[in-house]
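Chemist: Pasting a predicted model and its sequence here:
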Protein chains: 2
Amino acid sequence: MTTTARSATDVSSRYRRAADYAAAAMIYLKDNVLLREPLRREHLKPRLLGHWGTCPGITFLYAGLNGLVRRTGRRTLLVTGPGHGAPAVHANLWLESTHAELDPALGRDGNGLAELVRRFSWPGGFPSHLSPEVPGVIHEGGELGYALATAFGAALDNPDLTVACLVGDGEAETGPTAGSWHASKFLDPRTDGAVLPVLHVNGYKISSPTIYGCMSDEELTAYFSGAGWSPYVLDVTTTDDPDALLAETLDLAHAEIAAVRERWTPGERAVWPMIVLRSPKGWGVPAEDTEGQPLEGTFHAHQVPLGGVHDDDAELALLERWLRSYRPDELFDDDGRPHDDLLADLPPEHLRLGRVPEANGGQLRRDLPLPDVARFAVDVPAPGAGSASPTGTTGTWLAELMSATEDQRDFRVLCPDELASNKLDALLEATDRAFTWPVPGYAEHLAPGGRVMEVLSEHLCQGWLQGYLLTGRHALFPCYEAFASIVDSMVNQYAKFLKIAGEVPWRASVASANYLLTSEGWRQEHNGYSHQGPGFLNNLLTKKASVARVYLPPDANTLLVTLRHCLTSTDRINLVIAGKNTGSQWLDLDTAERHCAAGAGVWEWAGNGTGDPHVVLACAGGIPTVEVLAAASILRERAPDLVVRVVNVVDLLSLAPDTRHPHGMSEADFTACYGQRTPVVFGFHGYPSAVHEVLHGRPDTQRFHVHGYQEEGTTTTPYDLLVSNGMSRHDLAADTLRRSGRGDQLADELLAERDELRAAAHRDGVDPAEITDWRWGA
Amino acid sequence: MTTTARSATDVSSRYRRAADYAAAAMIYLKDNVLLREPLRREHLKPRLLGHWGTCPGITFLYAGLNGLVRRTGRRTLLVTGPGHGAPAVHANLWLESTHAELDPALGRDGNGLAELVRRFSWPGGFPSHLSPEVPGVIHEGGELGYALATAFGAALDNPDLTVACLVGDGEAETGPTAGSWHASKFLDPRTDGAVLPVLHVNGYKISSPTIYGCMSDEELTAYFSGAGWSPYVLDVTTTDDPDALLAETLDLAHAEIAAVRERWTPGERAVWPMIVLRSPKGWGVPAEDTEGQPLEGTFHAHQVPLGGVHDDDAELALLERWLRSYRPDELFDDDGRPHDDLLADLPPEHLRLGRVPEANGGQLRRDLPLPDVARFAVDVPAPGAGSASPTGTTGTWLAELMSATEDQRDFRVLCPDELASNKLDALLEATDRAFTWPVPGYAEHLAPGGRVMEVLSEHLCQGWLQGYLLTGRHALFPCYEAFASIVDSMVNQYAKFLKIAGEVPWRASVASANYLLTSEGWRQEHNGYSHQGPGFLNNLLTKKASVARVYLPPDANTLLVTLRHCLTSTDRINLVIAGKNTGSQWLDLDTAERHCAAGAGVWEWAGNGTGDPHVVLACAGGIPTVEVLAAASILRERAPDLVVRVVNVVDLLSLAPDTRHPHGMSEADFTACYGQRTPVVFGFHGYPSAVHEVLHGRPDTQRFHVHGYQEEGTTTTPYDLLVSNGMSRHDLAADTLRRSGRGDQLADELLAERDELRAAAHRDGVDPAEITDWRWGA
């Protein structure tokens, strides 16, 4: 090392002492935060919240990255996996004065530090974990596993960005993290940024050693080399100048990244660097507690060490000794300002980690150049007259959008290996599937730089999505309906992120997370029971009304209009469920526009009779719409005196009371659709319970008789699957007759016909032509 | 190879031709299944369902394992990840006559084959994917990712078993699979069986190359070596006798497994063998289709190749040529029986892969020796008088159960790194956390052979759980409440497995999957918003009534009684949610027994006044119970004329109509609790929507005013968190007053007091003593 480098690492070491001190202070203190007087019990917070164990490692990396950015000028975003290490991040944000910039009360002086320390883990203050309130953060980290995938999402189409990602060795045990190491094979060195993962091996989780902590350097090197990385293993305990070692390693990694970006050509492996950082858990905490139990370097340092300080004088004394071991008096001036020298390695202000514009990506977002849907709409001269695949139609529109964003590269489609299967393959005429690693065999539409991302990992797709959206871009996540539940918990966490982000004044709006679920259960009769599961919708209904939207467009034009809306909306999670199979179309584009705007409406042409209906036949979802229309058609012919109104629901939340959800229909509109006391037979795409819970609060909900998926399934014919769940046209028509109180005999006849049709399907292996050839009005 | 081995591989080759032929026949034919006459269109199934691509590889391994088992006599269970390769498994089950054993209609002759071929993917027949109807199967495989973890679960405490696990290279891209490779570090060679993973690299998913297919042999070797395996890479295209190569490799792997089992001693790495098997996708299908598009060795062979056979004569001819390339006439006699010679490598009947007893584990299951709960019950002389941690109390009982099962080793606790945190650490006095890999540093209660499994992967825990239960053992899965949603989709699939298994006559009942969710959101006020999520419950409510149960025991004794019930039940998914924090106790053991048996009941002692109540105050869940009791106490004192009845719900599904759920209370019992028109103010543990949907079908549900979690959260005090969600005692009391129509002014006063208490919490950083010191009756 040169003298310059050496003195730089002195800076790092002093900087780290200040940050570690501030982080520890956040956990324990509410007063006397600079220890200008002896530590007394009343200086302690009444509840000690926070996790010390990972903090020193976070700061170690943060300080190292500061130096790297200062030396190289390369814009760097830090994604911190161990979100419970928030005190460290806060400490660094205070030292780099990002906190002060956003909130003058958190100025880089003693008052600001006192305020920050007090606010941490205090009601009304900063949460104990990283959260959208924290500048520079695009990942909450409370539920471990998704940092690395998120980092890759941030790096896509950001060639001037390095995304450093700290992955804890606890987090590394999760499946989603383990699967994310392969994501480097999708990065195009020409058009994407770099991801620099730092696996932080401090050896312990809450109460046990970690798996990665029990792997040797050789094993770690083999594992990550095999996954396609160039690993550096760095152990802070092997040197007396860990900052220098880190600086050197980061410089090497940076040079390697630059080399890949400059020299890589298609057909080669793009082998990027990653770092395995070994440091003692809780690095810097006393080696033992007052009773001789080991602390530093063990899981006992994971959360709050010395938790007995409120009651135990010896522990209090040891805490003071520990805090004073950072020698705060040497670090802060009389006003509590950190001495200039220890800030010498900070990057210029605009490059500080907390201020990277991509971390508040909404401010970089532009509106997408959405093609006019009119050119893609299906011609529907009369209801039932057209024929199209909803997703296929939308695919052509999306393909044009993909082309229109070729220059700016701010739109991607992420799909767990199912794009073609979901009939969105028109997109592949506009771009390729991204894959950078050389392919030894045959492939189609696969190339570095493609903007369709296919991988057989819903987790990775979801992580990419989050990272991509939060850094200011747009995306669509098409998925087999049943397998979207794989990311239930990631969506839970992302909904939380959006909810809180919406309350943070300086966070700019980001593009919505858009899910297009297709290959829906009703048409997975061929793949069987495992592929029949509409529960992702139910999970989304547990989210805040400000965040969640659920759309069930029944045909191609309504899907086009719905997706156009979703791709212009912000800060939401939009769930769109639509079919891929070619079938009858119901609404021309103008009607579709009006219908989608209303959220639900009466389809006059489908009903029967005039005046108050005996029964309302409602439907939501493509297949239920077909069945309800077929039921209406049966009733029109066989019970011509029955007055039936048909209502179609595109926006599921239109059913909710408008006091509970902003999309809830007014009571007047609701009554115009469903009457006030009229029985409603409802053909629903998913579990009936979803309708029941959304309806809660509407008057007289007992009159809603919802047919839907009842978890009956196997490999069979579409009609047989509907019958198994009481959702066939015959079931719906029979129920309508019964609810009207005027058609029990006909209902029995219809059910007998149903059983015959079903028997024919079992005999022939296909549904009878009566079912498959049915067309509205034919 | 010796001559004997060579002739054995001739057998394998002929055997495979028969199996591959039968598998292809299942996909295409409904008649003329042995091609005794020229193939005509009317022999084809009207719908061609199934996935050819993975079938030849499955059979290749199946045949190889047959030989290995025959040679070694080692009991071997096969877990097949690519469940869409069901035709191959069926073909092998038919050849080994397991199908015939369970169903004479599927005899090992031409009639049996015709029946099997017709049944496959036919309404009322076998599904297109593996399912519980298929003998030898403990894993459905339709949702990819969980085969490997399931295999490890099956191997635990089964020292005489080898669990071979075929992992597709598509499936390998999933996070859960990627994380599962480390599970070998938990196997104790002395007390557990072996897992022999075979990564099947055929290079393609639905429409793209796989990641693992693009890794070199060196990379694969490094990756799996680094993960702690001894990998063999086997490429069928590099030899003219692939069966011999596989037999040799399996023999080597078997010998390596035997060596680990014999020679391993604690403190050493237990490095087990695994196999990377490279074979062309769709191996054996024509190289190209009729238009020159490549088939074999590409993704075009993934599902049904030659899908145009119904309409295209050339395709039909090519299909016939392909099917005849297996020369069925050489393989089957005039009656369609496979020639004896090709069956020569089958193991003895009891060792055939489809008949391994562990694959129908219910028949091996014993009732657990459950300790008498009376010795562990908390003394509760009067409601509110006791003080205990519910999970802590249960932990001592579980510890005794752990000791009582030490000899049979048929009970495990699987927990994502949170056992101590969840106050179940008494278990660690009875056993250790399992971990076999040497630990370089400090650890506590960690040892090979321990029967607590901790890993920071809910996916791995869930996979272990499924494999362990389905092979006839018992288990408990304690988890932070919010993070149980990580396995939503796995639970979805497992619920499907249980539902179908319950309809298969030869499947014996297995122990229920028992979830103990604790560290519940209401007491994750310190970890913040990410840790606050009760949605796992909502997901479970979408399951069949025959499968799902939800319990919310409010204190230690009710938890004991509930868990005892769950651990005796079979074929269910039991969700138990209970607190870990020490607090007031409500019911002595006898009362707890009666209360749990009823599912819900009136707590007379907690109500006020006599006669018909003005309002029912109901509660479900530990924290809501405290708040409701505190509300009742406030009302008793401040509105003594208000007649209030308090109802506590342990079994959430007691709220459902008994027509919809077997645990639903009779209408009479329901009315006895909640009246018929009485307003009910309900303090609920989770999202209010869960109660709304369960109540659907009960009369006049609009009178139920459910308070619960509204997705408001952060790091704060417990009381502040309750207030944010409208769930505090003051909110509940105020709502009760309003619903009674007789206390608006007092309600306003209570809400003002609430706001003052909340302000105090914000000021002091802790809840006021008025809240924290509150005791019933004090």
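Modeler: Thanks, I have the structure now.
Chemist: Could I get the CA-only coordinates of the helix or strand residue A:57 falls within as PDB?
Modeler: Secondary structure from DSSP states H and E places residue A:57 in helix A:55-72. The C-alpha coordinates for helix A:55-72 follow below in PDB (Å, rounded to 0.1, in the frame of the first residue of the first chain):
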ATOM      1  CA  CYS A  55     -23.900  -3.100  12.200                       C
ATOM      2  CA  PRO A  56     -20.100  -3.000  12.200                       C
ATOM      3  CA  GLY A  57     -20.000  -5.000   9.000                       C
ATOM      4  CA  ILE A  58     -22.400  -2.700   7.300                       C
ATOM      5  CA  THR A  59     -20.400   0.300   8.200                       C
ATOM      6  CA  PHE A  60     -17.200  -1.400   7.200                       C
ATOM      7  CA  LEU A  61     -18.500  -1.900   3.700                       C
ATOM      8  CA  TYR A  62     -20.200   1.500   3.600                       C
ATOM      9  CA  ALA A  63     -16.900   3.200   4.500                       C
ATOM     10  CA  GLY A  64     -15.100   1.100   2.000                       C
ATOM     11  CA  LEU A  65     -17.600   2.000  -0.700                       C
ATOM     12  CA  ASN A  66     -17.300   5.700   0.200                       C
ATOM     13  CA  GLY A  67     -13.600   5.400  -0.600                       C
ATOM     14  CA  LEU A  68     -14.200   3.500  -3.800                       C
ATOM     15  CA  VAL A  69     -16.800   6.000  -5.100                       C
ATOM     16  CA  ARG A  70     -14.500   8.900  -4.200                       C
ATOM     17  CA  ARG A  71     -11.600   7.300  -6.000                       C
ATOM     18  CA  THR A  72     -13.500   6.200  -9.000                       C
END
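Chemist: Can you give the contact residues for the next helix or strand after it?
Modeler: Toward the C-terminal end, the helix or strand that comes next after helix A:55-72 (DSSP H and E) is strand A:75-80. The set of residues external to strand A:75-80 that reach it, using CB atoms under 8 Å, 6 or more residues apart in numbering or on different chains, is A:58, A:61-62, A:65, A:68-69, A:89, A:130, A:136-139, A:141, A:147-148, A:150-151, A:154, A:160-166, A:351, A:353, A:356, A:358-359, A:467, A:471. Using the backbone N, CA and C atoms, a C-beta is placed for each residue, glycine as well.
Chemist: try 6 Å
Modeler: For strand A:75-80, the external contacting residues (CB atoms under 6 Å, 6 or more residues apart in numbering or on different chains) are A:65, A:69, A:139, A:147, A:150-151, A:154, A:160-166, A:353, A:356, A:358-359.
Chemist: Out of those, which end up buried?
Modeler: A:65, A:69, A:139, A:147, A:150-151, A:154, A:161-166, A:353, A:356, A:358-359 (16 or more other CB atoms under 10 Å in any protein chain shown).
Chemist: how many other residues sit next to residue A:198?
Modeler: Residues near residue A:198, counting by other CB atoms under 10 Å in any protein chain shown, number 27.
Chemist: for it, what are its contacts?
Modeler: So residue A:198 contacts A:61, A:166, A:275, A:277 (CB under 6 Å, 6+ apart).
Chemist: ok, and the most crowded of those?
Modeler: Highest neighbour count within these: residue A:166, with 31 neighbours (other CB under 10 Å).
Chemist: That one falls within a strand, correct?
Modeler: Yes - read with DSSP: H, G, I helix; E, B strand; the rest coil, residue A:166 is one of the residues of a strand.
Chemist: CA-only coordinates of the one helix or strand residue A:756 maps to in CSV, if you can.
Modeler: In this structure, residue A:756 sits in helix A:744-764 according to DSSP H and E. Presented in CSV, the C-alpha positions along helix A:744-764 are these (Å, rounded to 0.1, in the frame of the first residue of the first chain):
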residue,chain,number,x,y,z
ASP,A,744,-87.2,-25.9,-9.6
GLN,A,745,-88.3,-28.4,-12.2
LEU,A,746,-86.4,-26.8,-15.0
ALA,A,747,-83.4,-26.5,-12.6
ASP,A,748,-83.5,-30.3,-12.1
GLU,A,749,-83.7,-30.8,-15.8
LEU,A,750,-80.7,-28.6,-16.4
LEU,A,751,-78.6,-30.5,-13.8
ALA,A,752,-79.6,-33.8,-15.4
GLU,A,753,-78.4,-32.4,-18.7
ARG,A,754,-75.2,-31.3,-17.1
ASP,A,755,-74.6,-34.8,-15.8
GLU,A,756,-75.2,-36.2,-19.2
LEU,A,757,-72.8,-33.8,-20.8
ARG,A,758,-70.2,-34.6,-18.1
ALA,A,759,-70.7,-38.3,-18.7
ALA,A,760,-70.1,-37.7,-22.4
ALA,A,761,-66.9,-35.8,-21.6
HIS,A,762,-65.7,-38.7,-19.5
ARG,A,763,-66.6,-41.1,-22.3
ASP,A,764,-65.0,-39.2,-25.1
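Chemist: According to the record, where do the domains of chain A fall?
Modeler: A:3-358, A:370-491+A:508-547+A:554-584, A:599-772 (automatic domain parsing).
Chemist: Can you add distance to residue B:255 and give those domains back as a markdown table?
Modeler: Formatted as a markdown table, those follow (distance: least, CB to CB, whole Å):
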| stretch | distance to residue B:255 |
| --- | --- |
| domain A:3-358 | 23 |
| domain A:370-491+A:508-547+A:554-584 | 31 |
| domain A:599-772 | 41 |
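Chemist: Pipe these into a markdown table and attach mean pLDDT per row.
Modeler: Formatted as a markdown table, those follow (pLDDT from 0 to 100):
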| stretch | mean pLDDT |
| --- | --- |
| domain A:3-358 | 96 |
| domain A:370-491+A:508-547+A:554-584 | 96 |
| domain A:599-772 | 96 |
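Chemist: Between the ones you listed, which one is closest to residue B:109.
Modeler: With CB to CB as the criterion, residue B:109 lies closest to domain A:599-772 of the domains of chain A, at 23.0 Å.
Chemist: Would you work out how far apart the start and end of the closest one are?
Modeler: 29 Å (CA to CA, to the nearest Å).
Chemist: distance between that domain and the chain's centre?
Modeler: Its chain's C-alpha centre and that of domain A:599-772 lie 33 Å apart, by CA atoms, centre = their mean, to the nearest Å.
Chemist: Over to stretch A:438-448?
Modeler: On CA atoms, centre = their mean, the centre of stretch A:438-448 falls 28 Å from that of its chain.
Chemist: For residue A:411, give me its contacts.
Modeler: A:405, A:474.
Chemist: before we move on, what about residue A:74?
Modeler: Counting by CB under 6 Å, 6+ apart, residue A:74 has contacts residue A:162.
Chemist: now residue A:412
Modeler: Listed by CB under 6 Å, 6+ apart, the contact partners of residue A:412 are A:451, A:475.
Chemist: And it, which helix or strand is it part of?
Modeler: Per DSSP H and E: strand A:411-415 holds residue A:412.
Chemist: strand partners of that strand, parallel vs antiparallel please.
Modeler: Here strand A:411-415 has these sheet partners by DSSP bridges: strand A:452-454 (parallel), strand A:474-480 (parallel).
Chemist: ok, then the element right after the first one?
Modeler: Right, strand A:452-454. Heading C-terminal from strand A:452-454 (DSSP H and E), you reach helix A:458-470.
Chemist: Can you name every helix or strand that that following helix contacts?
Modeler: Using 3 or more CB pairs under 6 Å, 6 or more residues apart in numbering or on different chains; DSSP states H and E as the contact test, the elements touching helix A:458-470 are helix A:147-155, helix A:175-180, strand A:411-415, strand A:474-480.
Chemist: before we move on, the earlier item: now the strand holding residue A:412 against helix A:458-470, angle please.
Modeler: Taking axes from the mean of the first three to the mean of the last three CA atoms, to 10 degrees, one finds strand A:411-415 and helix A:458-470 inclined to each other by 170 degrees.
Chemist: list the buried ones in the helix or strand following strand A:411-415?
Modeler: Under the assignment DSSP H and E, the closest C-terminal helix or strand after strand A:411-415 is helix A:427-430. With burial defined by 16+ other CB under 10 Å, the residues of helix A:427-430 counted as buried are A:427, A:428, A:430.
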